[in-house]
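In: test case, fold it:
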Amino acid sequence: MNLFAEIRTAVIAALETLVQAGDLPAGLDYAAVAVEPPRDKLHGDMATNAAMVLAKPAGLKPRDIAEALAAVLTQDGRIVVAEVAGPGFLNLRLAPSVWADVAGAALALGRDFGRSAMGAGQKVNVEYVSANPTGPLHVGHTRGAVFGDALAALLAFAGHEVTREYYINDGGAQVDTLARSVFLRYQEAHDLSVDWPEGSYPGDYLIEVGEALKAKVGNAYLDEPEEVWLDAVRSFATDAMLALIRSDLKLLNVEMDVFFSEKSLYGTGLIEAAIDDLRGKGLIYTGTLEPPKGKLPEDWEPREQTLFKSTAYGDDVDRPIMKSDGSWTYFAPDIAYHYDKVQRGFDQLIDVFGADHGGYVKRMKAAVAALSENRVPVDIKLCQLVKLFKNGEPFKMSKRAGTFVTLRDVVEQVGPDVTRFVMLTRKNDAPLDFDFDKAVEQSKENPVFYVQYAHARVASVLRRAAEMGIDTACTDFAIEDEAELELAKKIAEWPRLVEIAARTHEPHRVAFYLNEIASDLHTLYNKGNEAVQLRFLQEADPATSARKIALARAAQVVISAGLGILGVTPAEEMR
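Out: Next comes the predicted model:
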């Protein structure tokens, strides 16, 4: 039940009434007509821009349209006041019973309240994490994992058919470096002294992998040249790292539907098929690029390359897809991977990248646009850096990882629920400070605690009501105070918020909303400390208690649904 959508429907119907009366011309486009909360709640419950956006095509003054529209809308029993403001905005106030009905719908539908059909079953591929399989996931991957997982859950809640996907970067030189690093740990497992070359992976996490390799092959590789063991150790090491990555993701309650191997693109004709598709569209050619910005001409050695005409689809420059030795550039398998996604029939692609991949955005959008002939949109979301603090100081690197703080380090400090919520307290493209002390602090300054406490508070009320023999299945609402009305209004915003967050691919909006509804619930609860009649539990009046508890239950339903989207477990009690 999306009350804002229902009132918008009423506004459109009222406009049609004006058309039939001859007060508006026929054939107006209502697409830009919106109904949303006013910027200042003192102005009303909802506001519509109908008169403003229709004035020019109708050839009328906005205020004249607004006044005529107000006269029709006030005939709707749900709308008690329709006031024209400024040049022609229309502010609406609804009857309290309307908000009570929405809260009742929340109870009737449970956690499905707010679930939308907006996605219409469209197939969406959300690719996230996709870290190189060369070590444990670090804190930057943590943010991408949480963001991608919450976005996937949000899109599913909004009616999309979602596939969660991890692209395994196991086709590049980094996996050869991994294999050589594991071989050094394998030598150490045989009590040999080794030297770690620059660029290798010296983290302690490979000690167990080296020992496992020893357990599998004994000393078979010790005296053999690299060409004998490299392929086998590469495969062994990659499998071990993927097992570690899966374990890390499980700690965070992240589960993928698909793990797609980059290596599977090589030697199978998949890269060639993708490039041939572009070549058939006249987008592959041999040419010479201009010098990169900042390079002096004498520093630039022009050479012919095989290029993708990505500028035809909005990129700044055309992109090389083949090196001078005839091997593919890093971009070529990325093109093939997205070609495969397009061929799998997805209606929309979403890639979640780290902030250091900003330079890939335009070229990947160009590639997908060309491969799908502009049929399949791709949205690339960049997750900015996370700064970690503990005891007022930057949190130090993990000894086990060698050079960075791992996902496991973070989760072991504060748990998966806190980790996930905090990672969503900022928009993905904004830097995030993660303070371990604040993340576990039990105060209203901590959004995780604040929202969890709201859910647990209602659970406590329900337990006490059960002990008192009060029927908590009541759905008959009684809204008697401004604080109760504000909470009911906030509940009514949930379906609209879901659609906006899903449409914009911004799951942080859910976290913000949860903090707001928790605030309204806490405000109402605290007012009961001073005004006895506002308390959820009226010991001498079970019937009134049941009605007041119903409103709190409706709020709890929405909080539970929102936390479910974020992947956070609702708390039944605070410890």
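In: run through the chain and note the low-pLDDT ranges.
Out: Applying pLDDT under 70 to the chain picks out residues 294-300, 397-403, 575.
In: give me that answer again for 80
Out: Where the chain drops to pLDDT under 80, the residues are 291-302, 396-403, 474-478, 574-575.
In: grab the nearest non-local neighbour of the most centrally placed residue in it.
Out: In the chain, the centroid-proximal residue (C-alpha atoms, centre = their mean) is L151; its distance is 2.8 Å. Of all residues not flanking L151 in the chain, P507 sits nearest, at 5.1 Å (C-beta to C-beta, 6 or more residues apart in numbering). Glycine gets a C-beta too; all of them are placed from N, C-alpha and C.
In: please tell me I have it right and the residue nearest to the centre of the chain contacts I350.
Out: Yes: assessed by C-beta atoms under 8 Å, L151 is found in contact with I350 at 6.8 Å.
In: which residues are common contacts for these two?
Out: Common neighbours of L151 and I350, using C-beta atoms under 8 Å, 6 or more residues apart in numbering, are 126, 381, 505.
In: name the nearest of the residues you listed relative to R547.
Out: Closest approach between the shared contacts of L151 and I350 and R547, by C-beta to C-beta: H505, at 39.0 Å.
In: so what's the closest one up against?
Out: 151, 155, 350, 379, 381.
In: assumed the last one was part of a strand.
Out: Yes: if the criterion is DSSP: H, G, I helix; E, B strand; the rest coil, then K381 is within a strand.
In: picking up where we left off before, hmm, which two among the contacts of H505 are most spread apart?
Out: Maximum pairwise distance among these (C-beta to C-beta): 12.3 Å, between L155 and K381.
In: between those two, point out the one with more neighbours.
Out: Counted by other C-beta atoms under 10 Å, L155 and K381 do not tie: L155 has more neighbours, with 25 against 20.
In: now the strand or helix carrying that one - C-alpha only, PDB.
Out: Remark: L155 resides in helix 139-157, with elements defined by DSSP states H and E. Extracted in PDB, the C-alpha atoms of helix 139-157 (Å, rounded to 0.1, in the frame of the first residue of the first chain):
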ATOM      1  CA  VAL A 139      38.100  -3.500   4.500                       C
ATOM      2  CA  GLY A 140      37.500  -1.900   1.100                       C
ATOM      3  CA  HIS A 141      36.000  -5.200  -0.200                       C
ATOM      4  CA  THR A 142      33.900  -5.200   3.000                       C
ATOM      5  CA  ARG A 143      32.200  -2.000   2.000                       C
ATOM      6  CA  GLY A 144      31.600  -3.200  -1.600                       C
ATOM      7  CA  ALA A 145      30.300  -6.600  -0.300                       C
ATOM      8  CA  VAL A 146      27.800  -4.900   2.000                       C
ATOM      9  CA  PHE A 147      26.700  -2.300  -0.500                       C
ATOM     10  CA  GLY A 148      26.300  -4.800  -3.300                       C
ATOM     11  CA  ASP A 149      24.400  -7.300  -1.100                       C
ATOM     12  CA  ALA A 150      22.000  -4.700   0.300                       C
ATOM     13  CA  LEU A 151      21.400  -3.300  -3.200                       C
ATOM     14  CA  ALA A 152      20.600  -6.800  -4.500                       C
ATOM     15  CA  ALA A 153      18.200  -7.400  -1.600                       C
ATOM     16  CA  LEU A 154      16.600  -4.000  -2.100                       C
ATOM     17  CA  LEU A 155      16.000  -4.600  -5.800                       C
ATOM     18  CA  ALA A 156      14.500  -8.000  -5.100                       C
ATOM     19  CA  PHE A 157      12.200  -6.400  -2.600                       C
END
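In: skipping its backbone neighbours, what lies nearest P202 in space?
Out: In space, P202 is closest to W196, 4.9 Å off (C-beta to C-beta, 6+ apart).
In: er, K427 actually
Out: If the residues on either side of it in the chain are set aside, K427 comes closest to H508, at 5.1 Å by C-beta to C-beta, 6+ apart.
In: quick check: that neighbour vs R426, distance?
Out: Distance, H508 to R426, using C-beta to C-beta, to the nearest Å: 6 Å.
In: one more: A554?
Out: The spacing between A554 and R426, counted by C-beta to C-beta, is 29 Å.
In: what does E211 give?
Out: Applying C-beta to C-beta, the value for E211 to R426 is 41 Å.
In: helices along the stretch 201-350 of the chain, start to end?
Out: Assigned helices in the stretch 201-350 of the chain, in chain order: 207-217, 226-251, 270-280, 331-343 (criterion: DSSP state H, counting those that start in this stretch).
In: how is this structure partitioned into domains?
Out: As assigned by automatic domain parsing, the chain contains the domains 3-94, 173-251.
In: looking at the ones you listed, spot the one closest to I549.
Out: Of those, nearest to I549 by C-beta to C-beta is domain 3-94, at 22.3 Å.
In: first to last residue in the closest one, what's the distance?
Out: With C-alpha to C-alpha, to the nearest Å as the measure, domain 3-94 spans 11 Å from end to end.
In: picking that back up, for A26, which of the helices of the stretch 201-350 of the chain is the nearest?
Out: Closest to A26 of the helices of the stretch 201-350 of the chain, according to C-beta to C-beta: helix 331-343, at 41.6 Å.
In: for the nearest residue to D318 once chain neighbours are set aside, give me its contacts.
Out: Take D318 and drop its neighbours on the chain: the residue closest to it by C-beta to C-beta, 6+ apart is L307, 4.5 Å away. Applying C-beta under 8 Å, 6+ apart to L307 gives the contacts 284-287, 289, 318-321.
In: neighbour-wise, give me the winner out of those.
Out: With neighbours taken as other C-beta under 10 Å, the top of the contacts of L307 is I321, carrying 25 neighbours.
In: I figured that one hits A332, correct?
Out: Yes: counting by C-beta under 8 Å, I321 touches A332, with 4.6 Å between them.
In: any common contacting residues for those two?
Out: I275.
In: CA-only coordinates of stretch 463-475, as PDB, when you get a sec.
Out: Below are the C-alpha coordinates for stretch 463-475, written out as PDB (Å, rounded to 0.1, in the frame of the first residue of the first chain):
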ATOM      1  CA  ARG A 463       6.500  -9.700  26.100                       C
ATOM      2  CA  ARG A 464       5.100  -7.700  29.000                       C
ATOM      3  CA  ALA A 465       1.700  -7.500  27.300                       C
ATOM      4  CA  ALA A 466       1.700 -11.300  26.900                       C
ATOM      5  CA  GLU A 467       2.400 -11.600  30.700                       C
ATOM      6  CA  MET A 468      -0.500  -9.200  31.400                       C
ATOM      7  CA  GLY A 469      -2.900 -11.200  29.100                       C
ATOM      8  CA  ILE A 470      -3.300  -8.400  26.600                       C
ATOM      9  CA  ASP A 471      -4.400  -9.400  23.100                       C
ATOM     10  CA  THR A 472      -1.600  -8.100  20.900                       C
ATOM     11  CA  ALA A 473      -3.200  -9.200  17.600                       C
ATOM     12  CA  CYS A 474      -5.400  -6.100  17.600                       C
ATOM     13  CA  THR A 475      -5.300  -4.100  14.400                       C
END
